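Student: Sequence isn't available, so here's the structure alone:
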DNA sequence: AACATTTTATTGATATATCAAATATATTTG
DNA sequence: CAAATATATTTGATATATCAATAAAATGTT
């Protein structure tokens, strides 16, 4: 007798819960940032923070750290420059690259955002033990490696 | 003495691992679909499947189930119709709505995709126990509820 | 030096996410 | 019934994701 492969309902897969958790958090975090009258997106913040903490990175390295595409990084940086958070200048040793430096506004925004983001994380993880979080991170990395082991990523 | 709030590195937060896991899976799944010469995006698939399994849903309900925005659903459906996966007709009782029905091509694609998606999930979860997955889902839902408890979502 | 190759970054096209505003129809209320 | 309100969906604007193609500079090779 042939057993028909039955695809479970969307809501019953872990990927549904994963997606939901990420989206809930992003929505929540973005609204909290806006509630503090800070005019920056989550993704711009991730890039800004990465540059602040590691000023010498290439855009390629920024992409790798934020898990974003090169093209996205180019455009996010452009918006950060346009919004006066970042300043671009030519790189002395490699003219393909740029130096990226936070402006005063960028630094001020960074300082204001740090506690907001910290609070967002605490709220999101409230009532979850450190042990559970750690176990979950192990599983998440396992999923990532299961999905990337067979083929190279493009960035 | 004042303790300075120190924001951890991006890579050391669970949200980084969450983002990475979701993105790895989506990338992996999308490539596998493409490798089977099926010309549909993951998000279109999610919507197509939701309609196939629950033909009477409103777009609003589809949005809720796929955890997407109304506007995204409108546009995804438009692409599915344009790609000849879906057929639209007017709803008899409520003229604001549409009836959405899979075309032959839509049904064929659905049947072809079911085992592919099934395989993707199995690969992604390989080596992870059912117990761990279950524990993780509980935590993920806790994160979601922590992030949504204070304010209503927009869909 | 001349050429090929690699690396860094940008650009174009299309899909999706988000939020606000607009439409159209349905329902409720006075 | 007419007006107000609610609901279902669409549209516009902007940001991001993805993939392919391109540009420009650096590096390697002969």
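Tutor: Nice, I can see it. All values derive from a computational prediction rather than experimental measurement.
Student: Quick one: neighbours of residue A:15, just the number.
Tutor: When neighbours are defined as other Cβ atoms under 10 Å in any protein chain shown, residue A:15 has 21 of them. In this view, the C-beta of every residue, glycine as well, is placed from N, C-alpha and C.
Student: Low-confidence regions, chain A specifically.
Tutor: For chain A, residues meeting the criterion pLDDT under 70 lie at A:1-11, A:150-155.
Student: how about a cut-off of 90?
Tutor: Judged by pLDDT under 90, chain A has its weakly predicted residues at A:1-13, A:90-96, A:148-155.
Student: Now do the strands in it.
Tutor: Applying DSSP state E to chain A gives strands spanning A:86-90, A:98-102.
Student: The last one near DNA strand C anywhere?
Tutor: It refers to strand A:98-102. Yes - residues of strand A:98-102 are located near DNA strand C by Cβ under 7 Å from any atom of the strand, namely residue A:98.
Student: where exactly do the helices run in chain A?
Tutor: Taking DSSP state H, the helices of chain A run over residues A:14-35, A:42-53, A:59-66, A:70-82, A:104-124, A:130-148.
Student: contacts for the last one?
Tutor: So that's helix A:130-148. Helix A:130-148 is touched from outside by A:125, B:14, B:17-18, B:20-21, B:24-25, B:27-29, B:123-128, B:132-133, B:135-136, B:139, with contacts defined as Cβ atoms under 8 Å, 6 or more residues apart in numbering or on different chains.
Student: Residue A:40 contacts residue A:113, doesn't it?
Tutor: Yes - using Cβ atoms under 8 Å, residue A:40 makes contact with residue A:113 at a distance of 7.5 Å.
Student: Now do the shared contacts for those two.
Tutor: With Cβ under 8 Å, 6+ apart as the test, residue A:40 and residue A:113 both reach residue A:33.
Student: Which one, of the strands of chain A, ends up nearest to DNA strand D?
Tutor: Closest to DNA strand D of those is strand A:86-90 (Cβ to the nearest atom of the strand; 9.4 Å).
Student: Can you name every helix or strand that the closest one contacts?
Tutor: helix A:70-82, strand A:98-102 (3 or more Cβ pairs under 8 Å, 6 or more residues apart in numbering or on different chains; DSSP states H and E).
Student: Tell me which of these is the most buried.
Tutor: strand A:98-102 (a mean of 17; mean count of other Cβ atoms under 10 Å in any protein chain shown).
Student: near DNA strand D at all, that one?
Tutor: No - under the criterion of Cβ under 7 Å from any atom of the strand, strand A:98-102 makes no contact with DNA strand D; the nearest approach is 11.2 Å.
Student: who touches that strand?
Tutor: A:48, A:51-52, A:55, A:59, A:77, A:85-91, A:110.
Student: Relative to residue B:35, which of these is nearest.
Tutor: When the contacts of strand A:98-102 are ranked by distance to residue B:35 (Cβ to Cβ), residue A:59 comes first, at 29.4 Å.
Student: The closest one and chain B: what is the separation?
Tutor: Between residue A:59 and chain B the distance is 16 Å, computed by Cβ to the nearest Cβ, to the nearest Å.
Student: which residues does the nearest residue to that residue once chain neighbours are set aside contact?
Tutor: Distances taken as Cβ to Cβ, 6 or more residues apart in numbering or on different chains place residue A:73 nearest to residue A:59, at 5.0 Å, with adjacent residues excluded. For residue A:73, the contacting residues are A:47, A:59, A:62-63, A:66, by Cβ under 8 Å, 6+ apart.
Student: Residue numbers of chain A in contact with DNA strand C?
Tutor: A:23, A:26-27, A:30-31, A:58-60, A:70-71, A:73-75, A:77-78, A:94, A:96-98.
Student: which parts of stretch A:21-32 are buried?
Tutor: For stretch A:21-32, burial by neighbour count (16 or more other Cβ atoms under 10 Å in any protein chain shown) applies to A:21-30, A:32.
Student: List, one by one, the residues from chain A near DNA strand D.
Tutor: Contact residues, chain A versus DNA strand D (Cβ under 7 Å from any atom of the strand): A:41-44, A:68-72, A:75-76, A:79, A:93-96, A:154.
Student: And the residue lying closest to residue A:23 once chain neighbours are set aside, its phi and psi?
Tutor: Distances taken as Cβ to Cβ, 6+ apart put residue B:67 closest to residue A:23, at 5.8 Å, once the chain neighbours are dropped. Per-residue torsions, residue B:67: phi 60, psi 40 (degrees, to the nearest 10).
Student: Now do stretch A:22-32: everything it contacts.
Tutor: The contact list for stretch A:22-32 (Cβ under 8 Å, 6+ apart) reads A:41-42, A:116-117, A:119-120, A:123-124, B:15, B:18-19, B:22, B:67, B:143-144, B:147-148, B:150-151, B:153.
Student: List buried members of the residues you listed by neighbour count.
Tutor: A:41-42, A:116-117, A:120, A:123-124, B:15, B:18-19, B:22, B:67, B:143-144, B:147-148.
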